[in-house]
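Novice: Curious how this folds, go ahead:
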Amino acid sequence: MNRRTVLAMVAGVALLLPGCTGTGGSAEGADAEAPDDPSKVSGTITVLTVRTDLVQDGTLKKYAAEFNRTYPKVKVEFQALTNYEAEIKIRMNTEDYGDVLLIPGVIKKSDYPKFFASLGTEAERGKKYRFTDYTTVDGKVYGQTSNGVMPGFVYNKRIWKEAGVTDWPTTPAGFLAGLKAIKAKTDAVPYYTNFAAQWPLTSWTFVNGAVSCDPQATTKLAEGDPWAKGSDLRVGDTLLYDIVKDGLAEKDPTTSNWEESKPRTAKGEIATQWLGTWAIIQFQDAARKAGVNPDDIGFMPFPAQADGTFCATVGPDYHQAVNVHSKHKEAARAWIDWFTDKSGYDRDNLAISPLKDAPMPDVLKSYEDAGVKLIELDDSAGAKVKLIDDESEVGINKPEYRQDLVDLARGARKGSLDDFLADLGDKWTETQQNVGD
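Specialist: Okay, here's the model as predicted:
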């Protein structure tokens, strides 16, 4: 598993590339037109991806073969980058960064036209697709996600049931009580932080919006203190702190192992992890390989309700984009359109379709049955939030601050939770006043 989902939900932008000279040049503002006649589209395109697993097992090659049924004159070659964000940052200081790539978090949203070709207007694309505002600059859309994701707890239903908890907790206190019951009545580790892998800790930022059930949660980050009393991030961070402080997580988080956590959760050695919908299929596959029941893998919303209703945010995975310097923009655009609309990649991964008229995946039937309200966050202030985050050096989308939080909770770092969160809030609000609108 790579970090695609975590980074993608942040979709957008923090820094100008270090040392970048703005190689967009005269290509800035170029469009990648949708092809009219598939039989006339030709060229060899390089598609960059984080899915090293799908390149290695031939799955992406199968998608390309299916694509060639419609576009026989386009040859698709894949390059999988194991440390995508770091590697693509270097490549984008040149013009050679593939024909189709995933928009990295390091690019400022306002700089998208320098690096990517427009896919059309937001007014038009917004009629058909979700999440178009995440990559819109001056009314034009520069990226297209292939699937949507939702944060939540991946958990072993059998273990929770053995602990006597059959209903989803509705409050953080109720959730902690459930973990304590698991510790008392089973041999499972109640909660697994995946501290050593780092990136899973950033998923905790995605409680934002789910606690308050507020589509304007991102805008509030741009305007106020994210750790004010009762705020979504404070509620989430406090729960993570309490889990660790109460001895409900793995004994030594520094030795945690992401890949091993999947079969261990499937077998019931680990009860719960905060991840996202993208993880469900991976944990179910791990269950099958381990010879245990994949139906034991469940998905649970954050333990908070608004007016008696659970809420969950829905956001985009990485956005595919066309390199503004590509010599085969039409072919690159054809791949993005086909992969989004026709490939079935979202269904294959039990993910949420970016198409507005598509049904929710069956794996989320439990959410539908429970009446969980799905909300899409307004990302119009997303660029400002990421600018504040970068300049304040808080890092809500980086692992370090929650590693510090976990260390604080387990006694490896001195201080109090209130002081820790107050310090984050001070850094954030001071920077907020300086960045302007």
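Novice: Could I get the phi/psi values of Asp314?
Specialist: In this structure residue 314 is Val, not Asp. phi -120, psi 130 (degrees, to the nearest 10).
Novice: how close does Gln284 sit to Gly315?
Specialist: 22 Å (Cβ to Cβ, to the nearest Å). Where you see a C-beta, it was placed from the backbone N, CA and C, and this is true even at glycine.
Novice: Revised request: answer the last question for Ser366.
Specialist: 20 Å.
Novice: which of Gln284 and Gly315 has more neighbours?
Specialist: Gly315 (26 against 20; other Cβ atoms under 10 Å).
Novice: Can you check my assumption that that one lies in a strand?
Specialist: Yes: the assignment for Gly315 by DSSP: H, G, I helix; E, B strand; the rest coil puts it in a strand.
Novice: wait, it sits on Val149?
Specialist: Yes: contact status for Gly315 versus Val149: in contact at 6.1 Å, counting by Cβ atoms under 8 Å.
Novice: The stretch 51-200 of the chain: strands as residue ranges?
Specialist: In the stretch 51-200 of the chain, the strands defined using DSSP state E, counting those that start in this stretch lie at 74-80, 100-102, 116-117, 120-121, 136-137, 140-141, 144-145, 148-149, 151-156.
Novice: Now render those strands as TSV, adding distance to Glu259, mean pLDDT and mean neighbour count.
Specialist: Formatted as TSV, the strands of the stretch 51-200 of the chain follow (distance: least, Cβ to Cβ, whole Å; pLDDT from 0 to 100; neighbours: other Cβ atoms under 10 Å):
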stretch	distance to Glu259	mean pLDDT	mean neighbour count
strand 74-80	17	97	18
strand 100-102	22	97	27
strand 116-117	33	98	27
strand 120-121	39	96	16
strand 136-137	36	93	20
strand 140-141	35	96	23
strand 144-145	25	96	26
strand 148-149	20	90	26
strand 151-156	14	96	26
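Novice: Put together a markdown table for those, with distance to Asp423 on each row.
Specialist: A markdown table is the format used below for the strands of the stretch 51-200 of the chain (distance: least, Cβ to Cβ, whole Å):
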| stretch | distance to Asp423 |
| --- | --- |
| strand 74-80 | 39 |
| strand 100-102 | 33 |
| strand 116-117 | 37 |
| strand 120-121 | 43 |
| strand 136-137 | 34 |
| strand 140-141 | 38 |
| strand 144-145 | 34 |
| strand 148-149 | 30 |
| strand 151-156 | 25 |
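Novice: And the strands in the stretch 251-400 of the chain, which stretches?
Specialist: Secondary structure of the stretch 251-400 of the chain (DSSP E, counting those that start in this stretch): strands located at 272-276, 297-300, 305-306, 309-316, 319-323, 373-376.
Novice: Pick the most deeply packed of the ones you listed.
Specialist: Most buried of those, by mean neighbour count (mean count of other Cβ atoms under 10 Å): strand 319-323, with a mean of 27.
Novice: counting contacts, what elements does that one pack onto?
Specialist: Contacts defined by 3 or more Cβ pairs under 8 Å, 6 or more residues apart in numbering; DSSP states H and E place strand 319-323 against strand 100-102, helix 112-115, strand 116-117, strand 144-145, helix 329-341.
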